[in-house]
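In: build the 3D model from these lines:
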Amino acid sequence: MSSERPRQVSARRRGVASEYIAIGVLEELGYKVLETGKKVVINDVEVGEVDVVVEDGSGERYAVEVKAGRVDVGGVRQAYINALVLGLKPMVICKGFADDAARELAERLNVKVIQLSDIFLVESEEIYTIVREVVEEVLTEYFELFYGYTVQLRQEHYELLSAIYSSTTIEEAAEKLGIDVSTLAKRIDELRRQGVIPRWAVKYGSVRRVAQILLQKQSVVSALEESKRVVENLRNLIDNFKTLQNVIHSLTQQLTKIQQLITKLESYREEKEVKQG
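Out: Modelled structure (predicted):
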């Protein structure tokens, strides 16, 4: 293990990892986890917090303090007092005792101590943190691929990516394309050089997932573009309808004027006939 690795684990993450591991150990030992982060309250005033509350097979409940390192006298005293206030039995999970004083005090106060070996806890914390960081990095890469990738796919890209996405092995993809595996591998390398496939996608499984994301992204983009065209057509129809409304309104006004003119002419004709009669 690299000597620099421990410095990459923050105190917060180390504590979270220790608690996560401790819960797993307790469950393996037959304890039932009832609560985590239990507040210790006296007269409505919060005075502390217990990491985990567990119950054993006989129904006995324990207030568990999880220590990323070794427990000292202060840690034993804290576990005892918190458990006493909560009316539970005290327990500590740690890498061991800091000194004989801590061991003697734990025995005198009947604080149950579950010791984890230094190697187990350190390596487990490291694995937990490393795996978490790797997962975060992988998720970030795939999210960036979907949301930040701007490569324009051509028709030949679709054919190749579709064959890869629909095939579980590179041999199957090559057969679908009617080429040999070596030729397909060269074409995939060409896609990397063109920036279509990111260079971190080396294994076929990664290439296949990238192909899936690119095809799905293009499908979403196409759907959005089609939606934009539909919206634009609707806007044009609305504009045309408004124009037609204006034309109809204008024609209505003209018809009204014509009707008024006809009425006047009829009135004039009637008056003229009366005079002549």
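In: where does the stretch 151-277 of the chain have low pLDDT?
Out: Scanning the stretch 151-277 of the chain for pLDDT under 70 picks out the ranges 151-152, 220-225, 277.
In: in it, which spans are helices?
Out: 155-165, 170-177, 181-194, 204-276 (DSSP state H, counting those that start in this stretch).
In: for Val64, which of the ones you listed is the nearest?
Out: helix 204-276 (40.7 Å; C-beta to C-beta). Every C-beta, even on glycine, is put in place using the N, C-alpha and C of the backbone.
In: what's the spacing between the closest one and its chain's center?
Out: Relative to the chain's own centre, helix 204-276 is displaced by 44 Å; criterion: C-alpha atoms, centre = their mean, to the nearest Å.
In: just want the angle from that helix to helix 181-194.
Out: Put simply, helix 204-276 runs at 60 degrees to helix 181-194, going by axes from the mean of the first three to the mean of the last three C-alpha atoms, to 10 degrees.
In: still on that earlier bit, possible to save the helices of the stretch 151-277 of the chain as JSON lines with distance to Glu107?
Out: Shown next, in JSON lines, are the helices of the stretch 151-277 of the chain (distance: least, C-beta to C-beta, whole Å):
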{"stretch": "helix 155-165", "distance to Glu107": "63"}
{"stretch": "helix 170-177", "distance to Glu107": "63"}
{"stretch": "helix 181-194", "distance to Glu107": "64"}
{"stretch": "helix 204-276", "distance to Glu107": "54"}
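In: of the ones you listed, which is nearest Val53?
Out: Of the helices of the stretch 151-277 of the chain, nearest to Val53 by C-beta to C-beta is helix 204-276, at 41.6 Å.
In: show me what that closest one is packed up against.
Out: The helices and strands touching helix 204-276, judged by 3 or more C-beta pairs under 8 Å, 6 or more residues apart in numbering; DSSP states H and E, are helix 118-148, helix 155-165.
In: so it versus helix 155-165, what angle?
Out: Put simply, helix 204-276 runs at 130 degrees to helix 155-165, going by the same axes, to 10 degrees.
In: figure out how far stretch 187-195 is from the centre of its chain.
Out: How far stretch 187-195 lies from its chain's middle: 29 Å, per C-alpha atoms, centre = their mean.
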